[in-house]
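Visitor: Compute the structure for the input listed below.
(chains A and B)
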Amino acid sequence: MTLVDRPNRQALIDALDIYRDEMRSFIVRNLKRVPGRKVEDCIKFALHDTQYNQFVESRSEDRSVEASIDINAFPQIVKTYWRDAFGDRFKTGGNVQAAMYSIIEVRNNVSHPGTDDVGLNYAVDFLKRIATLLTEINQSDQADVVNAIRVGLLPFKTHAHKFRQGGRDVYAFSLDLETLDKLLPDRVDDKMVIDANRPLTASHAKDIQMYLEDRSDWLLGALLLGVPSSNVDFQTYTPDSNAENCVGSLIIDADGAAAMKMFDGQHRRRAIKDVINGLARNTSNSNKLASLKENSIPIMLYVEDDIDALRQMFADAAQTRSIEGNTVTRFDQRDAFNLAALWIADYSDLFVGRVEMERTSVARSSHNIIAINQLAQTLKTLEVGYSGRISKDRNEVYMQDLDSLYERCLTWADDFMPSARDEYNDLMAGEIDNSDIPGERVKTMAYNAIVIRIFAACYYKWTNGGYKLPALSDWSRLADFLRNASLRPGIKTGSLLIDAGVVPPGGTSPIAQRQTVVQAIDYIIEQAREILA
Amino acid sequence: MSPVISTSTNQYSLSAPAHRFRQGGRDAYYFTLTLETLDGLLPQRVEDDVVREANRRLTPSHAKNIQKYLDEKDDWLLGAMMLGIAHDAVDFEPYPIEDGEADSLNFGELRIRTNRINTMRIFDGQHRRRAVQEVLAALAYDECRSDKLAVLQKSSMTIILYAEDNIKTLRQMFVDASKTKRIEGSTVARFDRRDAFNLTAVRLANDSRMLKGRVEMERSSVSASSQNLLAINQLASILKTLEVGNNRRVSRELNDTHMQKLDDLYERCRIWCDEFIPAVREEYNELLNGDIKNSEIPQLRGKTFAYNVTFIRVLAGCYRMWLMEYRPWEALADFIHKASINRGSSYGLLVDAGLVTLDGKNLLSRRQEVAKSIEYIVSASKATVVD
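Guide: Next up is the predicted model:
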């Protein structure tokens, strides 16, 4: 690939040449104003050793002082002699030093080219900064030249749908990930609201990055952006057709690419950038990178550049309804415990026909004893304890051996639980009908999902041990202890769950607060072990 | 190249320009439909109460909210709907250019076969789809709003149609698409300008003598080490308490009323912020006159509950309840001013009000404790006035 194939990079190189020549002249001219010091002495005093060695080397090749000052030395010299020589020489003086430092970065970037062109957005941004700096040193003519280079950059052109929504023109098109990464705006500062973007949460972007990297069947929805009307041009392919919904050629000029504001999708956009960069560094994953680059994401580009309006549009777009826990459990087949819950709901004698599938919790009048999402959570408790978490890696291990997981869950459900409480045994034996469950709830708390989860946590702690506790493979003593305990609701004393502090005296259901439940589990295990001892 | 909708007797139910692309190993088609077309073409839910195919339960109230949004707002926005369809239900033919060759293999005409359109499933967008149906139907009955109907009918939404009809896979795709990060309260308060209390909160954060420079704008709560008194979303919520009372909701209609008289709302809230609050506690008054610097707030939190957002909420609730009885707020301020609200103490106004945890170090922020404490303080204050 030649530089001709990299128009954005070439534009930056051309502009940097202008900037370098004009700034060298400006610097030397003004260093002469430093009292009591020659220009070369000024440079020596201002530069770090490496920079100065570069300067000396260049001078030894018979170059002039001016021609020997490198771009990376500009801000250092200006900063050192700001008071003596430069402070009053910039037109406004605002942020010029920071801008000069940023130019070093772009110079380094285009001087060590990879195989790809730099993004249009990136090029436009830095061309503007270069032009601003040239204006600051009163080189407006040269600034105009740089601006002309920017305007001359190839605009972005694509087929697009044009339609109306909410009184605005909107363009719909798709971008492959590589083009998207070069074209669309990218967040720099993560921590605060900028333009129409909320603070960027790096961990959320990282999760999406991992999702794109780990999954081949990934899905990402449309990114939503705004653009000023002056930066887009649209030529319909069918002039006679309905102007409010047509297709044609959309042209976004170079400034428009930089002026676009993403108002929904900044985390996805960051993830795409990071996954492409990450895979590019990892040569063993070149197939994945190539395959990702062939994928695309739909874009909705609204003709709107008022920040307040874009913020409102983000707030409106975010008015979605959260996905319910039971839906996640039923739909998300990548979670081993969702699969285990569905399996137990189908095959466990205790749970079959007694799991609420349509809601996230069970009502007191329900014939079910637990909701499917609660069952999935309970099965996690069974494997890692009440406070344990299942990492992505650990979930993958479970996914490799689901049968073993199912078997362990079934042992708890159909062996331990009926041994631990007659209420479950009677259900399985048919002595209590499902339709009796609502009525039974006034006599026992066994048909409460929190209680069932507490039993799972006790089973885990008993069989896995813990701090100062040995693991006990024989759970029958725990079951005996639980079976003999009272779970009667509405009483003041004498109930295991009241003694454990998870049900207030006279209460009819447990308190779901994490801390309270954890203490209750510890209490039950302690009591059961004391009896065993 | 506008969408051409054929009749059901034809081979194709839909013929429309579309972008074709690959995503996650699948072919996908991206196109637009006017709301009118969409309503006649896309599948709709019949039974709301159960999970059906790739759809979760439909919540009618959520669909109703979207319907009202489309009905009431002219600057509405709806994102792309996602659907799946069987591979063999679609044909795609790239558009040729003049010499007969395709300009782009991925821009062309999408056709959906009539005999296979029943394989099309919405997996993300059923509430929007229902809302579109309802709003068009309702407007069709309202002769006075034919203009609105005409505009809506010609407005469009984008459709992402994945060549996928396996229900389990579509369910997984719905879950994946739903893994978004919820919008934070502080972002809503700053961005949503349809809410009168958000607007007032932002204005007070900029203009109020008491609050300027003391409202957290970037986060939804304040940490113990923060130099701010409260977060912008907490302020918006507290201003609602001021207007409608603790735990009461601001209806859409009431919000619209406030939007018409924003200056009045602002003035009422400003009096509470800049007059009542400094009068109610020295901690605030000293902040206002500079005797206490913002940088001292984190340290002072260890000594007084005055810089706790729950306490500020309680003050708003008390103020509202007090004014409802047409009493001048000065007496209430005087009562609270004299009370002890020291942190870590086993006695004091907030302990008596049942708002302090057993160790005396924190305030209970649950709504029932806050409500009881407001009632207690107002009642105790009234007793003092009577005495």
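Visitor: Go through the chain and flag its longest helix.
Guide: With no chain named, the answer covers chain A. Counting residues, the longest helix in chain A under DSSP state H turns out to be helix A:7-31.
Visitor: Correction: the question concerned chain B.
Guide: helix B:367-386.
Visitor: packing partners for that helix?
Guide: Secondary-structure packing of helix B:367-386 (3 or more C-beta pairs under 8 Å, 6 or more residues apart in numbering or on different chains; DSSP states H and E): helix B:309-324, helix B:329-338, helix B:349-352. (Glycine included, C-beta is placed from N, CA and C.)
Visitor: what comes up buried for the first one?
Guide: Counting neighbours by 16 or more other C-beta atoms under 10 Å in any protein chain shown, one finds that the buried residues in helix B:309-324 are B:309-323.
Visitor: ok, which of the residues you listed also contact chain A?
Guide: When the buried residues of helix B:309-324 are checked against chain A using C-beta under 8 Å from any C-beta of the partner chain, none falls in range.
Visitor: from those residues, which is closest to chain A?
Guide: residue B:310 (18.0 Å; C-beta to the nearest C-beta).
Visitor: Now that that closest one has come up, it's in contact with residue B:355, right?
Guide: Yes - using C-beta atoms under 8 Å, residue B:310 is in contact with residue B:355, at 7.3 Å.
Visitor: Give me the common contacts of those two.
Guide: Jointly contacting residue B:310 and residue B:355 under the rule C-beta atoms under 8 Å, 6 or more residues apart in numbering or on different chains are B:363, B:364, B:370.
Visitor: Tell me who's in contact with the spatially closest residue to the first one that is not a sequence neighbour.
Guide: Spelled out, that is residue B:363. Distances taken as C-beta to C-beta, 6 or more residues apart in numbering or on different chains put residue B:310 closest to residue B:363, at 4.3 Å, once the chain neighbours are dropped. If you count contacts by C-beta under 8 Å, 6+ apart, residue B:310 has them with B:355, B:363, B:364, B:365, B:370.
Visitor: and residue A:142, what does it touch?
Guide: Residue A:142 sits next to A:18, A:22, A:134 when contact means C-beta under 8 Å, 6+ apart.
Visitor: sorry, back to before: want to try TSV for the helices and strands packed on helix B:367-386, with mean pLDDT as columns?
Guide: TSV is the format used below for the helices and strands packed on helix B:367-386 (pLDDT from 0 to 100):
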stretch	mean pLDDT
helix B:309-324	95
helix B:329-338	94
helix B:349-352	92
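Visitor: Output the ones you listed as CSV; include the columns distance to residue A:295.
Guide: Shown next, in CSV, are those (distance: least, C-beta to C-beta, whole Å):
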stretch, distance to residue A:295
helix B:309-324, 45
helix B:329-338, 61
helix B:349-352, 57
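Visitor: wait, which of those is closest to residue B:233?
Guide: helix B:309-324 (10.6 Å; C-beta to C-beta).
Visitor: can you pull the alpha-carbon coordinates of the closest one into PDB?
Guide: Only the C-alpha atoms of helix B:309-324 are listed here, as PDB (Å, rounded to 0.1, in the frame of the first residue of the first chain):
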ATOM      1  CA  VAL B 309     -28.800  13.300  51.500                       C
ATOM      2  CA  THR B 310     -31.500  11.400  53.400                       C
ATOM      3  CA  PHE B 311     -31.600  14.200  55.900                       C
ATOM      4  CA  ILE B 312     -32.000  16.800  53.200                       C
ATOM      5  CA  ARG B 313     -34.800  14.700  51.700                       C
ATOM      6  CA  VAL B 314     -36.500  14.600  55.200                       C
ATOM      7  CA  LEU B 315     -36.200  18.400  55.300                       C
ATOM      8  CA  ALA B 316     -38.000  18.600  52.000                       C
ATOM      9  CA  GLY B 317     -40.700  16.300  53.200                       C
ATOM     10  CA  CYS B 318     -41.100  18.300  56.500                       C
ATOM     11  CA  TYR B 319     -41.200  21.600  54.600                       C
ATOM     12  CA  ARG B 320     -43.900  20.300  52.200                       C
ATOM     13  CA  MET B 321     -46.000  18.900  55.100                       C
ATOM     14  CA  TRP B 322     -45.700  22.100  57.100                       C
ATOM     15  CA  LEU B 323     -46.600  24.400  54.200                       C
ATOM     16  CA  MET B 324     -49.600  22.200  53.400                       C
END
